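*Asks:* Kindly return the folded structure for what I paste below:
(2 chains)
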Amino acid sequence: MTPLATVPPGESRIGRPPPGAWNVARIRADFPILAREVRGRPLVYLDNAATAQKPKPVIEAMERYYETGNANVHRGVHALSQEATLAYERVRELAAGFLGAAGSSEIVFTAGTTAALNLVAQSYGGSVLRPGDEILVTEMEHHSNLVPWQLIAERTGAAIKAIPVMESGGLDLAAFERLLVPRTRIVAVTHASNVLGAINPINAISSMAHEVGAVVVVDGAQSAPHLRIDLSAIDCDFFACSGHKLYGPTGIGLLYGKRELLEAMPPWQGGGGMIREVQIERSSFAPPPERFEAGTPPIAEVVGLGAALDYVMAWDWEALVAYEQDLVAEAGRKLADVPGLRILGEGADRVSVLSMVLEGIHPHDAGTVLDTLGIAVRAGHHCAQPLMRRFGVAATLRASFGAYNTPAEIDALVEGLGRARAVLG
Amino acid sequence: MSSELDELYQSVILDHNRAPRNFHALEDATAHAEGRNPLCGDMYDIWLKLEGDRVSDAAFLGQGCAISKASASMMTQVIKGKTIAEVEGLFERFHALVTVGSSGSGLPAKLEVFKGVRAFPIRVKCATLSWHAMKQALDTVGRSAAR
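*Replies:* Below is the predicted model:
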């Protein structure tokens, strides 16, 4: 970590960071977009759960790749192709290290979390599910960890059941225990809710699921940017996350799968790069991970993701987690003082994501008022309609904090919500 | 305070949001459609009563933001008593108002309060949601009449 002396005074209201604390000023300097204004005000970017901003090393790595290194991977005998292949496979190693996987062959590059979850549903689900089998999801899933299961359930005759969410925002684990039956083949659960921020106890869920022989598929889109992920200590079977929420580019994500599971799975999409031998009528397939990477992959995006992983892996994650936890706790305290404001699932341990509703004011209207103040939040159902129904709301206003957000931005949000109340009555 | 915001949330709009007019189901409706914005979750039911070529009554229920609710409320007011051709003309002019900012002639002056929507392109769908549903209800009737 950078020494304390480089933090400009007054930059953090949490106090001058002691050595080992999070140096937010230094982090902010790495993100060019944070210098821009929106509607004449400094940008206050609180929509990190939708996508995070990109630091200079990521932007520069992608530019450098196109300027000096562009070639297809795994194909050519020429120098550029070899360089591109090495760069591409280096990122797989890096990703395995970042997630704590046993090896890089357990890491599949996908277009994002959604593509990773569809891959598991179609390939793993499609080959193991039989009529009458059950898939357990939760009421707090993003549509991307729900709809893929509906599609494969429809095709295989499996049924979908949901673990209820309690008022506190936590999963009802007693209900989970009752719902787990020998017919349960798959438990698909988010590590952290994209709406509530609530963190689910994946280890407890996994050991319960494994007792009935079910595999556990974890949507890590919202946890990977905020928690230190160590899959050698989290016994899940599949884990999916997105590059763009991890300060990397869009269009690239990671699927981790246990080696023995990936090896037994059929391909999801066919094409170049995923085969061993092709004849007119049939083909044999490459081992994982190549088996699941048909076609030219998003190479520049993988390179960008590599730069993002290099960047975040240099962080002191203990300091980051402590800082974000302080931010979200402070946000919770200050927002609680806004008249008529309710935070959803307030009792849960959460990553730095929270959802709120303002009595008598629709989230879109509040979001528009905040927008005129340069404050970016998300208003809507956040692709989690079952959870909206669970809490009896049509939409919420969501603020999500990342590594570069500051306590001053929380004050701006609180002030902005006061403004919304004044404008909208 | 931003003037764009003032123009968007004029007091007339806020008033219709707080106390929407014709905010009920229509028992003797002859046409009905749902307006849903799957991106944001706004949803409205629009009912029309057609007598011959004329919209004799209109009503709505549902939930959404101030812009979508006020727009639905004022729409039900202005289309009452109009012929189908007149209503379709209003639809075109209202759409022009919120997208390019001018409607030409023939739009009731009260709808001019939605002019501010143009500065917030993402909110155009809010303003036009109930209008599209109303048009869909008319089209459904038109199609079954044609059969």
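
*Asks:* Helices of chain B, start to end?
*Replies:* In chain B, the helices defined using DSSP state H lie at B:3-8, B:11-18, B:66-79, B:84-99, B:124-146.

*Asks:* measure the residue lying closest to A:A214 once chain neighbours are set aside to B:G62 for me?
*Replies:* Distance criterion CB to CB, 6 or more residues apart in numbering or on different chains; nearest residue to A:A214, sequence neighbours excluded, is A:T184 at 4.5 Å. For the C-beta atoms, the positions are set from N, CA and C on the backbone; glycine is no exception. Computed as CB to CB, to the nearest Å, the A:T184 to B:G62 distance reads 38 Å.

*Asks:* go on, A:H191?
*Replies:* Going from A:H191 to B:G62 by CB to CB gives 35 Å.

*Asks:* and what of A:E37?
*Replies:* 37 Å.

*Asks:* Also A:Q269?
*Replies:* For A:Q269, the distance to B:G62 - CB to CB - is 41 Å.

*Asks:* who has more neighbours, the two?
*Replies:* Set A:Q269 next to B:G62 and count neighbours by other CB atoms under 10 Å in any protein chain shown: B:G62 wins out with 21 against 14.

*Asks:* Kindly state the beta-bridge partners for the more buried one.
*Replies:* Counting by DSSP bridges, B:G62 is bridged to B:Y44.

*Asks:* can you tell me how far it sits from A:I361?
*Replies:* Per CB to CB, B:G62 is found 17 Å from A:I361.

*Asks:* dump the residue contacts of the closest residue to A:G157 other than its chain neighbours.
*Replies:* Spatial nearest neighbour of A:G157, chain neighbours left out: A:P131 (3.2 Å); criterion: CB to CB, 6+ apart. Applying CB atoms under 8 Å, 6 or more residues apart in numbering or on different chains, one finds that A:P131 lies in contact with A:156-158.

*Asks:* Single out the most deeply packed of the helices of chain B.
*Replies:* For the helices of chain B, average neighbour numbers computed from mean count of other CB atoms under 10 Å in any protein chain shown are highest in helix B:66-79, which has a mean of 25.

*Asks:* now it: how far from the chain's centre is it?
*Replies:* 5 Å (CA atoms, centre = their mean, to the nearest Å).

*Asks:* Skip the chain neighbours and tell me the closest residue to A:A319.
*Replies:* A:W22 (4.5 Å).

*Asks:* Correct me if wrong: that neighbour contacts A:W317.
*Replies:* No. Applying CB atoms under 8 Å, one finds A:W22 not in contact with A:W317, separated by 10.1 Å.

*Asks:* what about those two, which has more around it?
*Replies:* Using other CB under 10 Å as the criterion, A:W22 and A:W317 rank with A:W22 on top: 25 against 13.

*Asks:* Assign the more buried one to helix, strand or coil.
*Replies:* Under DSSP: H, G, I helix; E, B strand; the rest coil, the three-state class of A:W22 is coil.

*Asks:* Pull up the gap between the nearest residue to A:G374 once chain neighbours are set aside and A:A412, please.
*Replies:* Distance criterion CB to CB, 6+ apart; nearest residue to A:G374, sequence neighbours excluded, is A:R41 at 3.1 Å. To A:A412, A:R41 is 9 Å away according to CB to CB.

*Asks:* which residues do those two both contact?
*Replies:* A:373, A:375.

*Asks:* okay, these two: which has more neighbours?
*Replies:* Taking other CB under 10 Å, A:R41 and A:A412 do not tie; A:A412 has more neighbours (19 against 15).

*Asks:* residue boundaries of the strands in the stretch 1-150 of chain A?
*Replies:* In the stretch 1-150 of chain A, the strands defined using DSSP state E, counting those that start in this stretch lie at A:37-38, A:41-42, A:44-45, A:107-110, A:134-138.

*Asks:* Quick check: A:V328 touching A:S355?
*Replies:* No. Using CB under 8 Å, A:V328 is not in contact with A:S355, being 11.7 Å away.

*Asks:* Name the residues of chain B found near chain A, please.
*Replies:* B:1-2, B:4-5, B:8-9, B:14, B:18, B:39-43, B:63-67, B:120, B:123, B:126 (CB under 8 Å from any CB of the partner chain).
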